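Q: Build me a structure from this.
(chains A, B, C and D)
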4 protein chains.
Amino acid sequence: MTDIETPPLPRRLLAEFLGTALLVAVVVGSGIAAAQLSPQDVGLQLLENSTATVLGLAVLILMFGPVSGAHFNPVVSLADWFIGRRAGTGLSLSEVAAYAVAQVVGAITGAVLANAMFGASMALSTKERATGPHLLAEVVATSVLVALIFALARTGRGAMAAPAVGAYIGAAYWFTSSTSFANPAVTVGRIFSDTFAGIAPSSAPGFVVAQLVGLVVGVAITLALYPDAASSADDVVVPHPAPSNSA
Amino acid sequence: MTDIETPPLPRRLLAEFLGTALLVAVVVGSGIAAAQLSPQDVGLQLLENSTATVLGLAVLILMFGPVSGAHFNPVVSLADWFIGRRAGTGLSLSEVAAYAVAQVVGAITGAVLANAMFGASMALSTKERATGPHLLAEVVATSVLVALIFALARTGRGAMAAPAVGAYIGAAYWFTSSTSFANPAVTVGRIFSDTFAGIAPSSAPGFVVAQLVGLVVGVAITLALYPDAASSADDVVVPHPAPSNSA
Amino acid sequence: MTDIETPPLPRRLLAEFLGTALLVAVVVGSGIAAAQLSPQDVGLQLLENSTATVLGLAVLILMFGPVSGAHFNPVVSLADWFIGRRAGTGLSLSEVAAYAVAQVVGAITGAVLANAMFGASMALSTKERATGPHLLAEVVATSVLVALIFALARTGRGAMAAPAVGAYIGAAYWFTSSTSFANPAVTVGRIFSDTFAGIAPSSAPGFVVAQLVGLVVGVAITLALYPDAASSADDVVVPHPAPSNSA
Amino acid sequence: MTDIETPPLPRRLLAEFLGTALLVAVVVGSGIAAAQLSPQDVGLQLLENSTATVLGLAVLILMFGPVSGAHFNPVVSLADWFIGRRAGTGLSLSEVAAYAVAQVVGAITGAVLANAMFGASMALSTKERATGPHLLAEVVATSVLVALIFALARTGRGAMAAPAVGAYIGAAYWFTSSTSFANPAVTVGRIFSDTFAGIAPSSAPGFVVAQLVGLVVGVAITLALYPDAASSADDVVVPHPAPSNSA
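A: Numbers count the residues shown, from 1 in each chain, chains lettered A, B, ... in the order given. A predicted model of the protein is given here:
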C-alpha cells in the first residue's frame, strides 16, 4: 500500500460511510418492499430480499472498492489489519477504528434512509433473533465470509470479490438460520428499522459476539489454507488501482 | 474520443433509439406478462419484472455500447458531458440534445411495441406514483446510478458496466419505494402503457425533476470519490473499441 | 476459419446435436418440473422455467462453443453464413444444412429425453400459440438474438456470448408474449412434448416463418450498427481456440 | 502438476473436507429454510433451494479451488485421474481415495451442521427417490457435469468453472427429475438430514450407481468432443496458481 496509490483517509471514510449506508438501505429497503408486496409467503419475501442484496452488494463493492477496499464491515477491517500486519500491509489499528465508526454511522444512516423512502415510522426493531442455532449460524456465516474474502486476496483474485461476496451473502441468507448478518455494523444499523430486516436491540450483542468468534475462525481457516503471505494481502475486496489502470 | 474511434452521430443515435426502445419493451413487456401470469402476488410480479430487466439491460448495454456508449438515459448523457467537458472528452451539449431526443422517441416506441406484442390497448397510464417518499427514492436511485457508471468509467472498468448497471437496477427495483425509474426518457415512455409498469402523465414531471436532482448528487459523489480526471472519462458504460480490438 | 483451428465436421455436428438436445431437455424438463411443483401460479412456473434456461443455455454454450460455435439454432447458422460469406469466413451453405439437421434431430431427442426423465407420456403438444401478437413477438425475439450474437462477434467479444445469450433468453421469456422460442430447431423439438413448454404442430410453421423474418431484421440491424466486417466474424458465440489457447 | 505448485496433500484434503461440508450445508440448510418459509408451494421451495446452491457452489469453488481443485465430488476426482493419467497429470488413484474419504466425511459433517444451525433433529432421511426416471436423470446430470468440467479444463478455461458449475447445477435442479444430486459424497451426506433435501438410505445406492454410469458417459463425451489432451488437464475446476499469480 504505497502512499501514491492509497487515497487519503477522509476520502476512504466517506466511501465506507456511503457504501455501508447504501448496503443497509438495500437490505432494509428491499425487506420493507418484500413484506408489503408478498404478504402471504415469508419465503418469497426472503427470496426478494436476498436477490436484491446479492445484486446491490456486488455493485457497491465495485463502486467503492477502489477508494477504501469496500469493507463495509468492521470484521473485515479487523481481519485486514491482522492478516496484513506482518507484511506491513493492511490497515493500522487506528484506521480500523476510524473505518468502524464510519461503517456504524453509515449503517444507521442507511436504515433511516430506507425508512424514509418507504414512509415507515422511525422505531427500533422488536424482532428477537438471538437463539442458540442463530448464534451458531452467525459464527458460520462470518467465518466463511472472512475466509472467502482473504482467499481471493491472497491468490491475486481480489477483482472477483464483488460478484463473489454478493453471491456468498445470497447463499448465506438461506443456508444459515439467522439469514446471515455477518457484520457488526450492519447488525447495529438494522436495529433502527422495525421492519422485515430489523433486529431487536437485545439480540444485537449476541450477534456481534458470534460474529467476532466467526472472525477468529475465518482467519484461522484462511491461514490454514493459504499460509503463504502474498504481496496482495492489502488489496482486500478490490485492488486500489492507480487511475490509469485498466481492468 | 478520437474521430477514428467514434462512429458517426446518426449511427450512434440509431443505437440510442433502438437500445432505449428495447429497454422499455423489456420493462413494460415483462410487467404485462408478470401481471397476467401471477395475478395473486404483486411481489412476485415485481420479482419477475425486475429479473427480466436485470438480464435485458445488461444485454442491451453489451449490444449497443460500442456504438453509442449505451446511455439510454438523458441523465447519463448529461453527466457524460459535464464530467468530460474539462478534458475535451464526453459528448457536446448538442450531442446530448440529439441523444435525448433519440432516447425519448425510442422509449415511447418501446412502450408501443410492448403493447403490440401483448395485444394490450394503447392508452395512457393512470398509475399515480408521485408521492414524497417516491420522489426521495428517485433522487437516491438516480444518484447511485450516475455514481456507479462514472466510478467504473474513471477507474478503467467500463467493460464491467453491462452486468453492473443491470445488477444495480435489479437491486434498485426493490430498495427504492418507486421501483427506480431513474431515467427521464424511460419515465416518458412508460406513460404510454396503461399496465403494470406504467406511470400517469401527472406523475412524470415530479419524477423527472427528482431524477435531475439525483444527477447533481450523483456527479458530486463521483467527483468526491474519484477527483482525478482519468483519460477514460469518455468511455462511458463500455469503451468505443476499434473494430480489431478483442475483449 | 483456418483448417488447423476448425474441428472436423462430424465432431462439430456431434456438438450441435448434443448441445441442442440438452438445450431442449433443459427447456422442456424444467417446464415439466415447474408445472408439477408450482401448480397454482403460471408466472412462478415461467420464472422457474426461464431461470433454469438462463443458466443451462449459458453453460451449454461454454461446453460446446469451442467445437462447433454452439449455434444450436438454424437461424444463427444461416446468419453466420450470410455475414461471413464476403470475407470467406463463416459456414458454407452445405455446412449450414448439416448443422440444421443435427440441430433438429437433437431438439427432438432432447424433448424425448425430458419426457423420459419425468416419466411423461410421449405425445405431441396440443398447445396452440400462433396468434398475431405472438408472431410479432417471435420476430422481435429472433432479430434481437441475431443482432446480439453478431454484435459481440464483430467487436471481438465472442467470449461473452455464453452469459449474454443466456441472459437475453431469460429476458425474452418475459418481454415477448410468445416466451421467445426464437429458434426453428427448438420449435420443432418442443412439438414432441405435451407439457408446459410444448407447441402444437399447427402453430410451429407460423413460428418458424416469424423467426426467419426476425433473422432478416437481425442481420439488417447488425450491419447497420456494425458495418465494418471484422476478421472475427467466424467466431460466432465463442472463438474456436487452438488447444493451447488460454481464456 | 509440479511439486512447487501443488499444495501438500493434507492441506488439499482439508480443502476438500471443508468445501464439501459447506456445499452440503448450503444444500441442506437452504432446503430446510425453504420448506419452513414457503410451506405452500414446493416449486418455490426448490427455486429458493436451487438459487442458494447456484450462488454457494460458485463461491466455494472460488474459495477452495486453488488449494485442491475444488472437486467436492468423487466422480470428478475419478475423472481427473482417468483423463490425466496418460499425461502424468491428474490425481493418483491413492489420492483419489483420500479425496473421496475427505469428501464423504465432509458431506456428513455438512448435513449435521445444517441440522444444528436450524435446530433440526438428527435423523436419517425417509425420502425415497430411486425411481427409474430419477436414475436416468442422475446419469444425465452426472455425465453433463463431468463433460462440462473437463471441456473447460481441456480448453484452458478452468477459471470459468466456478460460475459455470454453479450455473449448471442450478439448471440441473430443474431439468432433471431427481433435482440432480450428481455426486456420491453429497448423496451420502444428504442421508443424514430428514428434511427437504434428504434422501433415504435405501435410495442412495441406486443414485451412486447411476452417477458412476454418468461418469463413464461424461468421460466419453469429453474425449469425443475434445480428443486432444491439453497440458491444462490437471487444472480441474480452477488452476493451481503460484502464490504470486494474478487472475
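Q: Quick check: residue A:92 touching residue A:81?
A: Yes. Shown here, residue A:92 and residue A:81 form a contact pair, counting by Cβ atoms under 8 Å, at 6.9 Å. For glycine as for every other residue, the C-beta is placed from the backbone atoms N, C-alpha and C.
Q: Which of the two has more residues huddled nearby?
A: Per other Cβ atoms under 10 Å in any protein chain shown, whichever of residue A:92 and residue A:81 has more neighbours is residue A:81, with 18 against 11.
Q: give me every residue that touches the more buried one.
A: Each residue near residue A:81 by Cβ atoms under 8 Å, 6 or more residues apart in numbering or on different chains is listed here: A:90, A:91, A:92, A:93, A:95, A:96.
Q: Produce a ChimeraX select command limited to the buried residues of these.
A: Entered in ChimeraX, the line below selects the buried ones among the contacts of residue A:81, by 16 or more other Cβ atoms under 10 Å in any protein chain shown:
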select /A:90,91,95,96
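Q: next SSE after the helix or strand hosting residue A:187?
A: Residue A:187 is part of helix A:184-191 when elements are defined by DSSP states H and E. Beyond helix A:184-191 on the C-terminal side, the first helix or strand identified by DSSP H and E is helix A:204-225.
Q: And for that next one, what's in contact with it?
A: By Cβ under 8 Å, 6+ apart, helix A:204-225 touches A:75, A:78-79, A:82-83, A:129-130, A:134-136, A:138-147, A:150-151, A:154, A:178, A:181-184, A:187-188, A:191, A:199, D:11, D:14-15, D:18, D:64, D:67.
Q: where in chain A is pLDDT low?
A: Low-confidence segments of chain A (pLDDT under 70): A:1-4, A:229-247.
Q: redo that, cut-off 90
A: Where chain A drops to pLDDT under 90, the residues are A:1-6, A:85-89, A:228-247.
Q: re earlier: tell me which entries of the contacts of helix A:204-225 lie within helices.
A: Assigned to helices by DSSP state H, the following of the contacts of helix A:204-225 qualify: A:75, A:78-79, A:82-83, A:134-136, A:138-147, A:150-151, A:154, A:184, A:187-188, A:191, D:11, D:14-15, D:18, D:64, D:67.
Q: Get me the contact residues on chain A for chain C.
A: Within chain A, no position is near chain C by Cβ under 8 Å from any Cβ of the partner chain.
Q: residues touching whichever residue of chain A sits closest to chain C, list them.
A: Closest residue of chain A to chain C, Cβ to the nearest Cβ: residue A:44 (9.0 Å). By Cβ under 8 Å, 6+ apart, the contact set of residue A:44 is A:34, A:38, B:41, B:43, B:44, B:47, D:38, D:44.
Q: Same check on residue A:36?
A: Shown in contact with residue A:36 (Cβ under 8 Å, 6+ apart): A:118, B:43.
Q: ok, now the one 4 residues further on?
A: Contacts here follow Cβ under 8 Å, 6+ apart; on that basis residue A:40 touches B:40, B:41, D:40.
Q: Pick the one among these closest to chain A.
A: residue B:41 (5.5 Å).
Q: isn't that closest one right next to residue C:41, touching?
A: Yes. The pair residue B:41 and residue C:41 passes the contact test of Cβ under 8 Å, sitting 7.5 Å apart.
Q: Helix or strand for residue A:227, just tell me which one.
A: Using DSSP H and E, residue A:227 maps to neither a helix nor a strand.
Q: Near it, how many other residues are there?
A: Count around residue A:227 with other Cβ under 10 Å applied: 11.
Q: Who are the contact partners of residue A:38?
A: Here residue A:38 is in contact with A:44, A:45, A:48, B:41, B:42, B:43, B:44 (Cβ under 8 Å, 6+ apart).
Q: If we use 7 Å, what do you get?
A: A:44, A:45, A:48, B:41, B:43, B:44 (Cβ atoms under 7 Å, 6 or more residues apart in numbering or on different chains).
Q: Look up how far residue B:49 lies from it.
A: Distance, residue A:38 to residue B:49, by Cβ to Cβ, to the nearest Å: 13 Å.
Q: Residue A:152 now?
A: Taking Cβ to Cβ as the measure, residue A:152 falls 33 Å from residue B:49.
Q: And for residue A:42?
A: Separation of residue A:42 from residue B:49 (Cβ to Cβ) stands at 21 Å.
Q: the more surrounded of those two?
A: Neighbours were counted for residue A:42 and for residue B:49 using other Cβ under 10 Å; residue B:49 has more, 27 against 17.
Q: What helix or strand is residue A:103 located in?
A: Taking DSSP H and E as the definition, residue A:103 sits inside helix A:93-117.
Q: Let me fix that, I meant to ask about residue A:71.
A: Using DSSP H and E, residue A:71 falls outside every helix and strand.
Q: and it, how many neighbours?
A: Residue A:71: 31 neighbours (other Cβ under 10 Å).
Q: same thing with residue A:121?
A: 8.
Q: same deal with residue A:127?
A: Residues near residue A:127, counting by other Cβ under 10 Å: 16.
Q: what does residue A:124 give?
A: With other Cβ under 10 Å as criterion, residue A:124 counts 13.
Q: Ok, residue A:132 next?
A: If you count neighbours by other Cβ under 10 Å, residue A:132 ends up with 12.
Q: Mind giving me the packing neighbours of the helix holding residue A:103?
A: Under the contact criterion of 3 or more Cβ pairs under 7 Å, 6 or more residues apart in numbering or on different chains; DSSP states H and E, helix A:93-117 touches helix A:9-37, helix A:74-84, helix A:184-191, helix B:132-154.
Q: Show me the contact partners of the shortest one.
A: What it means is helix A:184-191. A:20, A:23-24, A:27-28, A:73-75, A:100, A:103-104, A:107-108, A:110-111, A:124-125, A:181, A:197-199, A:201, A:204, A:207-208, A:211.
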